[in-house]
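Participant: give me a 3D structure for the following:
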Amino acid sequence: QVQLVESGGGLVQAGGSLRLSCAASGRTFSSYAMAWFRQAPGKEREFVAGINWSGGSTSYADSVKGRCTISRENAKNTVNLQMNTLKPEDTAVYYCAASPRRYSSGNYSPRAYDYWGQGTQVTVSS
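Facilitator: This next block holds a predicted model:
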C-alpha cells in the first residue's frame, strides 16, 4: 500500500508559477513510476507529466511541455511538479499517482496507476 499526499496548489495569476509536491509513504517509493494528472470540471482526467523510478526518464503532455518540470527525490519519498507560465486552461485539480510500471515515464493512462492522492486545486486567473 502507498499513501500519497499532494500540496502546493492555490490561486495564481496567469503567467505565474506554482510548485506542487507529493509525499509518499508505505512501500518502497523507488518501486514506482510517478506521475501528475489533472482533471478540470466536466473533463476527463488527463496525464500531465511522468517520471520513471530513477528520475532518468521524464514525459510531458504537449500542453505543458516547456512550462513544467517533474522531479523526484527517492531519499525523501517525494515527487514535485514545477509549473511556470501558467495559463487559465491549467486550472484543474492536480493528482499525484504511482504506477508499478517503474521503468517507464510514459504511462499515459490512469489505468496504469494503482495509487492516487486526494488532489490539490490549482486555479489560474486571467
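Participant: pLDDT value on Q1, please?
Facilitator: Looking at Q1, its pLDDT reads 83.
Participant: any idea how far it is from T28?
Facilitator: 12 Å (Cβ to Cβ, to the nearest Å). C-betas here are computed from N, CA, C, even on glycine.
Participant: check M34 too.
Facilitator: In terms of Cβ to Cβ, M34 sits 13 Å off from T28.
Participant: just give me the residue closest to the centre of this protein.
Facilitator: Nearest residue to the geometric centre of the chain (Cα atoms, centre = their mean): W36, 1.9 Å.
Participant: what's across from it in the sheet?
Facilitator: A49, C96 (DSSP bridges).
Participant: in this structure, where is pLDDT below threshold?
Facilitator: Along the chain, segments meeting pLDDT under 70 are nowhere present.
Participant: hmm, back to that, looking at Q1 and T28, which is more packed in?
Facilitator: Using other Cβ atoms under 10 Å as the criterion, Q1 and T28 rank with T28 on top: 12 against 7.
Participant: tell me the phi and psi of that one?
Facilitator: phi -60, psi 120 (degrees, to the nearest 10).
Participant: so who does the residue nearest to the centre of the chain touch?
Facilitator: Residues counted as contacts of W36 (Cβ atoms under 8 Å, 6 or more residues apart in numbering) are 20, 22, 48-50, 70, 79, 81, 94-97.
Participant: hang on, isn't C68 packed against L86?
Facilitator: No - in this structure, C68 is not within contact of L86 by Cβ atoms under 8 Å, at 9.4 Å.
Participant: without its sequence neighbours, what residue ends up closest to L86?
Facilitator: The shortest distance from L86 to any non-neighbouring residue, by Cβ to Cβ, 6 or more residues apart in numbering, is to V124 (4.6 Å).
Participant: so what pairs up with that neighbour in the strands?
Facilitator: Here V124, judged by DSSP bridges, has bridge partners V12.
Participant: burial measure for it, as a count.
Facilitator: V124, neighbours per other Cβ under 10 Å, totals 20.
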